[in-house]
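**Q** this one's sequence-less:
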């Protein structure tokens with residue numbers, strides 16, 4: 001899962017520092033625990049449930065909304081993620 005988190009961190013930094021976005025959202029189905037864990041590890045904030053948000057496989061599906069803003073990623077999200085990985089490898093992660 002570190003690869004997914006690294007790729008997302010790189011994409012978010014690009015959105016903020018190259019494209020100039022201020023906010024990025026992710027809508028994830030509640031049962032998709034792996035994807036939820038990726039955004040949570042990177043510091044996205046859960047903002048709430050979007051009921052019947054998207055029509056998937058013949059039915060309207062609920063999604064959880066997560067968001068992150070440029071103010072949340074001082075110094076870049078990739079740098080913060082690398083620091084977390086480094087701390088985990090050295091055994092100093094909380």
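**A** Ah, there it is. On a predicted model such as this, the values are computed, not experimentally measured, just so you know. Residues are numbered from 1 along each chain as shown.

**Q** what distance do you get for residue 67 to residue 27?
**A** Distance, residue 67 to residue 27, by C-beta to C-beta, to the nearest Å: 10 Å. Quick note: C-beta positions are derived from backbone N, CA and C, even for glycine.

**Q** can you tell me the closest non-neighbouring residue to the residue most central in space within the chain?
**A** Residue closest to the mean C-alpha point of the chain, counted by C-alpha atoms, centre = their mean, is residue 39 at 2.6 Å. Ranked by C-beta to C-beta, 6 or more residues apart in numbering and with sequence neighbours excluded, the top spatial neighbour of residue 39 is residue 66, at 4.7 Å.

**Q** would you confirm that that neighbour contacts residue 26?
**A** Yes: contact criterion C-beta atoms under 8 Å: residue 66 and residue 26 qualify, at 4.6 Å.

**Q** residues shared between the contacts of these two?
**A** Here residue 66 and residue 26 share the contacting residues 39, 44, scored by C-beta atoms under 8 Å, 6 or more residues apart in numbering.

**Q** so which of those two has more stuff around it?
**A** residue 66 (22 against 18; other C-beta atoms under 10 Å).

**Q** are we agreed that the more buried one is in a strand?
**A** Yes: residue state for residue 66 (DSSP: H, G, I helix; E, B strand; the rest coil) corresponds to a strand.

**Q** from residue 57, how far off is it?
**A** In terms of C-beta to C-beta, residue 66 sits 22 Å off from residue 57.

**Q** just residue 92 next, same as before
**A** 44 Å.

**Q** now do the buried residues in the helix or strand bottoming out on mean pLDDT in the chain.
**A** Across the helices and strands of the chain, mean pLDDT, DSSP states H and E gives its lowest value to helix 77-90, namely a mean of 90. Across helix 77-90, burial judged by 16 or more other C-beta atoms under 10 Å covers 77, 78, 80, 81, 84.
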